[in-house]
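>>> I need the structure of the sequence given here:
(chains A and B)
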Amino acid sequence: MSYELSGWTEPTLEENLIRAGFDRRDFLKYCGELAAVFAVGGAVIGSATPASAASVPAEVIAEKLGAVKKPLVVWLQLQECTGCMESTLRSGGTTIEDAVLRLLSVEYNELVMPAAGDAANKALDDANAQPHLLVVNGSIPVKDGGIYCTIGGKSAEQVLRESAKNATGILAVGACAVWGSVQASKPNPTGAVGVDAIITDKPVVNVAGCPPIGEVITATVAYVLTHGALPKLDAQGRPLFAYDQRIHDSCQRRAHFDAGQFVRSFDDDGARNGWCLYEVGCKGPSTFAACPIIKWNKGTSWPIQAGHPCLGCTEKNFFDNYTPFYQTLPNVGGFGVESTAEAIGLGVVGIAAAGVALHAGATAVKQAASRRAAEGNEPLQAFGDSERVWLPNPKKVEVAPEAPAAETTDDSEKAE
Amino acid sequence: MTVDEQAPAPAEAGSLKLSVGAVFSAGTLNAGRVLAMAAAAAAPDSSDPVDVVLAAQLASERPDIPPVTVAEDDVDPARVDRRYSLTRVRDLQRPAEKGYRDVVIMRGDLASVLAETKTTREDRSVVLKNADLSSRRGNRVLAVASAIVEEGDKVGDFKFQGFVELRSSAPGAFADDVAARPDSWARVNLWSVSLRLQHWSNVLAIVILSLTGFYIMDPFFGPVATDNAQQAGYLMGWVRFIHFTTAFIWLVIGAARVVSAFRSRDRYLRWPTLWPLKKKDDVKQLGNVLSHYLLLKDHAPLYMAHNPLQQLGYTGMYVFGAIQMLTGLTLYGLVHKNSSWFWAMMSAPTDWFGIGPVRVFHAIMMFLIWCFVVLHIYLAVRSDSLERHGGISSMINGGVWMRRGSKPVDAPKIG
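Next comes the predicted model:
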C-alpha cells in the first residue's frame, strides 16, 4: 500500500487521512492497536488504573484522534544518536504512524525536516512562539557553558529552554532525554543531564529506553493528543501504561527462571533450549518496561526472545548501575578496583576467617607460653588457690571486706 | 539472676613435690627469720605440702632457729576470697626487743598480702621486681607479713617481711578439669528463655536466608540442558518461596525483639543494654577488652554478661538485621510497587539509588553478616575455652559459670 500525503489540508486528522486514501477501517485498526498499548497499564489486577487508559475503546480513540486539529509539535534532537527517531519512524513500518507523525505538523525536527539553515531556525522560532507539544531526544550537556552541543549557535540548554517556554506538554523521549544515558555515565565528561533536570517548572513525561519502543513513543504522543492531558506517571516520570510492570514478571522465559533452568554460557544447550538468561546477566528482574508485551518491530521479537539478556535500558543510570551487562549483579567500584559483590563478599569473609585463624593461633601460642611460665603452679592452699591461678586473673580476686586484724582478734579471743 | 549458694571448699592439696628456693627479706629480719616466720604459720602436724616443705627447709638450712608450734585454733587458713592465712604465734621472742610478744603472721599470695600491709612505694617496687624475676623463673612467691599484738589484744599494722620462693618439682600436676572442682564455681542463670529463643530463631533465619539469598544472587547449580530427565522442577521458585517466607518470619522475630526491648522483664533484652558505653569507666574497659583481643593484655576485664565491645558488636548486628529487612522489603516490593501505596513506599529507595545498587547492597550486607558470624563463633569458643565460663552452653541452658570470689564489672561479687 502506498498513500499520497500532501500535508494537512483538511480541518481534522480523520478527514486528512480519508482524503489521503485511508478508509475508516484502517484508522480504527490503528486506534485499536493504540488501545492495546494503553491497556498494558490495566493488566495488573487491582492496580491504580493509569488515567483510565485501559477502559478507552478504539472507537473513542478514533473519535478523539480523528477530531484532532493540526497539532503543532517541536521535536528537538540534542545530544543523542538519532536512535530514538529511528525507532519512532520505524515503529513497525506501518505507514499510518508515519502519516500521523507527518500530519502532526512537526514544525521542527533536524532529521526529517526539509528546511535548513535560517529557514529551519525561523521554523523553530515560529513554532516556539505558539502553544505546542515539545518532544525532546537527547541529553543536555551543561559543563563548560554547554559548549559540547550547540545548534545554530545556541547551546542545547538554551534551545531547550526556548522551546519549553510555550510548550503545553513536554515529552522526554529516550534514555538521553530522560537522564543522560551513556554520555551522563561516569565520568560524564560533558556534564550531560536529562530534560527534567533543566525544566523543573513543568511536568515532563519520561519515555524511557535506549531507544524506547516506537509504539510506546507514538502511544504517548497519541495519549496526550486524545486526552489533552499527560498520562499517569510513576515515581521516575515514566507513563504507567507502558512502565508499570517488570520485564521479569511478563517474560516468556520466566518459567525457566522458576525451574532453575539457566543459560550458563551463550553457546550451551540451555541457550539453544531458550532457558532463562538471568545467569548471563539479564536485568529483566530489575527493569520496568513493556518489551515482553508489545515487543519490537510490530511484535516481531524483542531482546530476550532473540536470546540476549535485557540490559535494563529503561532504568536510570543503567550504564553505571547495571554493568557489566553479562553479570547478574553490577560491579562494586573501589579505588580503581572493580569487582563483583560476590568476589568482594567472599573475600571479606575469607579475610575474617583468616584473621580468626591467625588470632586463634596467636592465642594458642600465648597460652602455651603462659602455661610454660606457670608450670609447677599447682593450686596451693597456702595461696588460697582453688584452681589454676592465672585464670581468669588472680589479681582481680578481691580481698574480703572484713578487716583481717579484727578477725584475728576474734580468733585469738576464742583461742584464749 | 540467681547464684547457687555453696560454701567454697578448701583447695585440694594433693601429693605435690615442692621445694623451697631463695628467701627474700624486705625489712629488718634476715632471710632465715623470714623462712622461720613462714614455717611458723602452720597448724601443728599440718600435711599441707607448703607447710611440710617449709618446716623441712627450716630444719635443714637453719637448725639454729627452733621451730615454733601454734595451736590449731590460732590458724585461720587462706581462702579463695582472702588469699592469705592469718596465724597467731604466742609468746614469740623478738630479737630486736626485750620480752615476749604475741605476733600475727599473714602468709599467702603476694598481691593480697601487699594490699593489706603498709609499705612505701620504693619498698613495694623492689618487692614486686624481685617477685617478678622469681616468677619468671617458674617460682611462686609466698609472701609473709606480720603484726604485733598490742596490749588488750589489739593487732597492730601489718609489716611486709618478705617472701619465700616455692617451686614444684613435679610440673603438670594441675587440676585441669574444671568439673573436678565444681564447688569453686557458681552457676548464674543469666539468659532468659525468650532471649535464647530469640537467639536461635535468628540463627535459623539467618542461615536459611543466607543460603537461599546466595542462590538468588548466583544460581550456581541447577538442572542442565543435557540431562535426559526432562522434569523441569521448580528449583528457583522454591528457593525464592523459602527466602520470602523466612524473611517474613524474620520480620516477625524482629518485631518481637522490638517489643521485648520495651516490655521485657529481662534486663538483657531491654533497650538500655544496647548502648554499653554509659560511664567513663565503660570506655576504659572497652579499651581493656580491645587490648586483650589485640593480645596486648593477658586478661580481659571480667564481665558476667556482655563486655562493651561485644555489646557494640551485637547492637551493630541489630542494625545490620534491620537494614537487611528494609532492603529486602524494598526488593520484594518491586513486583507490587505500581499497584499498592505500601509497596510503592517500601520500594522508594529503588527510585533514588536504582534497583541494581540496592541489590548489591543487600548482597554485601549478607556477606558482612557472615563476617559477624565467623567472628562471633570464634570469640565465643575462644572465651569459653580461656575463661571456662560455659558461655556457649549458656545460650542453650541459660547459665554461665563464674568463679567464686570473682568480681565481674557488671554484677555483684560472686559468693
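>>> okay, now the unreliable bits of chain B?
Applying pLDDT under 70 to chain B flags the ranges B:1-17, B:93-99, B:136-138, B:168-184, B:227-230, B:415.
>>> what segments of it are strands?
B:18-25, B:75-76, B:84-93, B:100-109, B:140-150, B:154-155, B:159-168, B:185-189, B:399-403 (DSSP state E).
>>> let me know which of the ones you listed is the nearest to residue B:276.
strand B:399-403 (17.6 Å; CB to CB). (Each C-beta comes from the backbone N, C-alpha and C, glycine too.)
>>> give me the mean pLDDT for stretch A:284-300.
The pLDDT scores in stretch A:284-300 average 90.
>>> do stretch A:73-83 as well
Per-residue scores along stretch A:73-83 average to 91.
>>> can you point out the buried residues in that stretch?
A:73-81, A:83 (16 or more other CB atoms under 10 Å in any protein chain shown).
>>> closest to residue A:176 among these?
Within these, the smallest distance to residue A:176 is 4.5 Å, found for residue A:80 (CB to CB).
>>> just to revisit the earlier point, just the buried residues of stretch A:73-83: which are in helices?
residue A:83 (DSSP state H).
>>> run the angle between the top helix by length along chain B and strand B:399-403 for me.
The residue-count maximum for a helix in chain B (DSSP H) belongs to helix B:355-387. With axes from the mean of the first three to the mean of the last three CA atoms, to 10 degrees defining the directions, helix B:355-387 sits at 40 degrees from strand B:399-403.
>>> now for helix B:355-387, which elements pack on it?
In terms of contacts (3 or more CB pairs under 8 Å, 6 or more residues apart in numbering or on different chains; DSSP states H and E), helix B:355-387 is packed against helix A:318-321, helix A:341-373, helix B:193-217, helix B:308-332, helix B:348-353, helix B:391-397.
>>> what residues sit buried inside stretch B:295-306?
Neighbour counts using 16+ other CB under 10 Å place B:299-306 of stretch B:295-306 among the buried residues.
>>> for the helices and strands packed on helix B:355-387, which one ends up most surrounded?
Neighbour counts (mean count of other CB atoms under 10 Å in any protein chain shown) averaged over each of the helices and strands packed on helix B:355-387 peak at helix A:318-321, with a mean of 22.
>>> that one: how far from the chain's middle?
In terms of CA atoms, centre = their mean, to the nearest Å, the centre of helix A:318-321 is set 8 Å apart from its chain centre.
>>> please save the CA atoms from that helix in CSV.
The C-alpha trace of helix A:318-321 is given here as CSV (Å, rounded to 0.1, in the frame of the first residue of the first chain):
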residue,chain,number,x,y,z
PHE,A,318,21.8,1.7,33.7
PHE,A,319,25.3,2.1,32.3
ASP,A,320,26.7,2.6,35.8
ASN,A,321,24.3,0.5,37.8
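>>> next SSE downstream of it?
Using DSSP states H and E, the helix or strand that follows helix A:318-321 in sequence is strand A:331-332.
>>> check which helices and strands that following strand sits against.
strand A:339-340.
>>> for the strand it packs on, which strands pair with it and how are they oriented?
Neighbouring strands of strand A:339-340 in its sheet, by DSSP bridges, are strand A:331-332 (antiparallel).
>>> shouldn't residue A:34 be in contact with residue A:220?
No - Residue A:34 is beyond contact range of residue A:220, at 10.3 Å (criterion: CB atoms under 8 Å).
>>> contact partners for residue A:310?
Residues in contact with residue A:310 (CB atoms under 8 Å, 6 or more residues apart in numbering or on different chains) are A:247, A:277, A:282-284, A:287, A:291, A:303-304.
>>> and those residues, which of them are buried?
A:247, A:277, A:282-284, A:287, A:291, A:303-304.
>>> chain B contacts on the stretch 101-250 of chain A?
A:234-236, A:240, A:244-246, A:249 (CB under 8 Å from any CB of the partner chain).
>>> would you show me how to pick out the buried ones of those in PyMOL?
The PyMOL selection below is limited to those of those classed as buried (16+ other CB under 10 Å):
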select buried, chain A and resi 234+236+240+244+245+246
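>>> in CSV: the residues of the stretch 101-250 of chain A next to chain B, plus distance to residue B:371, pLDDT and secondary structure.
Formatted as CSV, those follow (distance: CB to CB, whole Å; pLDDT from 0 to 100; DSSP: H, G, I helix; E, B strand; the rest coil):
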residue, distance to residue B:371, pLDDT, secondary structure
A:234, 37, 91, coil
A:235, 34, 89, coil
A:236, 35, 91, coil
A:240, 41, 93, helix
A:244, 39, 90, coil
A:245, 37, 90, coil
A:246, 32, 92, strand
A:249, 34, 93, helix
